[in-house]
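Participant: Sequence and predicted structure below; questions after.
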Amino acid sequence: MTPTLTPPPATVAQPAADERCDRCNAAGKLRIVLAGGGELVFCGHHANKYAEDLVKITVQFITDPEFTWRGAEMMPN
């Protein structure tokens, strides 16, 4: 049997102004798309705190234009 992978969506929308961090309910600054197709939103604090772990499970990401995610430098090209 050949495994089938679902491709990630073509585009990822940045977190909306009313979206909250999945960890603490602060304003969302980073949205990641998981390999399985789910999405998570994180505030700037938690996005950077868990950057090393998030990079391992992220297939796509987008940030608020005013936020720099530490994990962006770790993402494979």
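Facilitator: Great, that's in hand. Numbering: from 1, shown residues only.
Participant: which residues does Leu30 contact?
Facilitator: With contact taken as C-beta atoms under 8 Å, 6 or more residues apart in numbering, Leu30 is in contact with 15, 41-44, 47, 61-64, 67, 69. For glycine as for every other residue, the C-beta is placed from the backbone atoms N, C-alpha and C.
Participant: Going through those residues, which ones are buried?
Facilitator: Buried subset of the contacts of Leu30 (neighbour count, 16 or more other C-beta atoms under 10 Å): 15, 41-44, 47, 61, 63-64, 67, 69.
Participant: Helices of this protein, start to end?
Facilitator: Along the chain, counting by DSSP state H, helices occupy 44-49, 51-57.
Participant: Quick check: bridge partners of the residue positioned nearest the centre of the chain?
Facilitator: Closest residue to the average C-alpha location of the chain: Ile32 at 1.7 Å, with C-alpha atoms, centre = their mean. Note on Ile32: beta-bridge partners by DSSP bridges are Leu40, Phe61.
Participant: Pretty sure it sits against Gln60.
Facilitator: Yes. Between Ile32 and Gln60 there is a contact at 7.2 Å, judged by C-beta atoms under 8 Å.
Participant: before we move on, back to that, in a markdown table: the contacts of Leu30, plus pLDDT and distance to Ala26.
Facilitator: Formatted as a markdown table, the contacts of Leu30 follow (pLDDT from 0 to 100; distance: C-beta to C-beta, whole Å):
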| residue | pLDDT | distance to Ala26 |
| --- | --- | --- |
| Pro15 | 86 | 11 |
| Val41 | 97 | 10 |
| Phe42 | 97 | 9 |
| Cys43 | 97 | 4 |
| Gly44 | 97 | 8 |
| Ala47 | 98 | 10 |
| Phe61 | 95 | 18 |
| Ile62 | 95 | 17 |
| Thr63 | 95 | 14 |
| Asp64 | 95 | 12 |
| Phe67 | 96 | 12 |
| Trp69 | 97 | 15 |
